[in-house]
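1. have a look; sequence and predicted model below, questions after that.
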Amino acid sequence: DTEVTQTPKHLVMGMTNKKSLKCEQHMGHRAMYWYKQKAKKPPELMFVYSYEKLSINESVPSRFSPECPNSSLLNLHLHALQPEDSALYLCASSQGRGGDEQYFGPGTRLTVT
Amino acid sequence: EDQVTQSPEALRLQEGESSSLNCSYTVSGLRGLFWYRQDPGKGPEFLFTLYSAGEEKEKERLKATLTKKESFLHITAPKPEDSATYLCAVQPPVHGSSNTGKLIFGQGTTLQVKP
């Protein structure tokens, strides 16, 4: 099973709201990722967790706050977003050994109004 | 600078008309080259991993090959259901923990197969 699940599928939020995106995998992977994807562009890396520790932050604004409660779960907390943050947010996981493929979830379509 | 370039940007084929997608890369050292398929509004679906020049992988109508400078995704006798965006990505070497699992994506090739 190579499934990564994400909830919710769609999210509409105002600029003053606080919301969270959730991601789960049960493949025993030790690396998890958040990507942002705009229309007709490739995924853009935001954060990497390796063995439940934040290992990469691609200079993402603080209005995005990642959290990795355990090796199977990954959250992305959203606060005071801007309309330009509207995008498809993708979660991925990999074994975490380097050179291994990443498996992506279906994504959360976020619209900021 | 590590870079991935895919060509063409868009490709239209008739059903059954075989073709190839190109992925050229410049990276200081290759830990892996990955091909993904992405349907509109969905997450990328993993297809292949290639690690060294001369390596080939096949899956149904798709075949991926790798040289020291580029990779090709060959599509044999495509069907309309093969229509999607195909993404190529490379993973550069790790320096400490800063590049752990980081992928550098190309811009993708959008394939349309007409019946």
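-> Arrived safely.
2. ok, residue B:61 touching residue B:73?
-> No - using C-beta atoms under 8 Å, residue B:61 is not in contact with residue B:73, being 10.5 Å away. (C-beta placed from N, C-alpha, C; glycine too.)
3. which one of the two is surrounded by more residues?
-> Using other C-beta atoms under 10 Å in any protein chain shown, the more surrounded residue of residue B:61 and residue B:73 is residue B:73, with 23 against 14.
4. strands paired with the host helix or strand of the more buried one, and their directions?
-> If you go by DSSP states H and E, residue B:73 is part of strand B:70-75. When sheet partners are counted by DSSP bridges, strand B:70-75 sits next to strand B:19-26 (antiparallel), strand B:62-66 (antiparallel).
5. okay if I get those as JSON lines plus mean pLDDT?
-> Supplementary listing: those in JSON lines, determined by pLDDT from 0 to 100:
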{"stretch": "strand B:19-26", "mean pLDDT": "97"}
{"stretch": "strand B:62-66", "mean pLDDT": "98"}
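6. most packed of those?
-> Stretch with highest mean neighbour count among the strands paired with strand B:70-75: strand B:62-66 (a mean of 20; mean count of other C-beta atoms under 10 Å in any protein chain shown).
7. hey, C-alpha coordinates of that strand in PDB?
-> Taking Å, rounded to 0.1, in the frame of the first residue of the first chain, the C-alpha atoms of strand B:62-66 are listed here in PDB:
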ATOM      1  CA  LEU B  62       5.900   3.600 -20.500                       C
ATOM      2  CA  LYS B  63       9.700   3.100 -20.600                       C
ATOM      3  CA  ALA B  64      12.100   5.400 -18.800                       C
ATOM      4  CA  THR B  65      15.800   5.500 -19.700                       C
ATOM      5  CA  LEU B  66      18.800   7.500 -18.200                       C
END
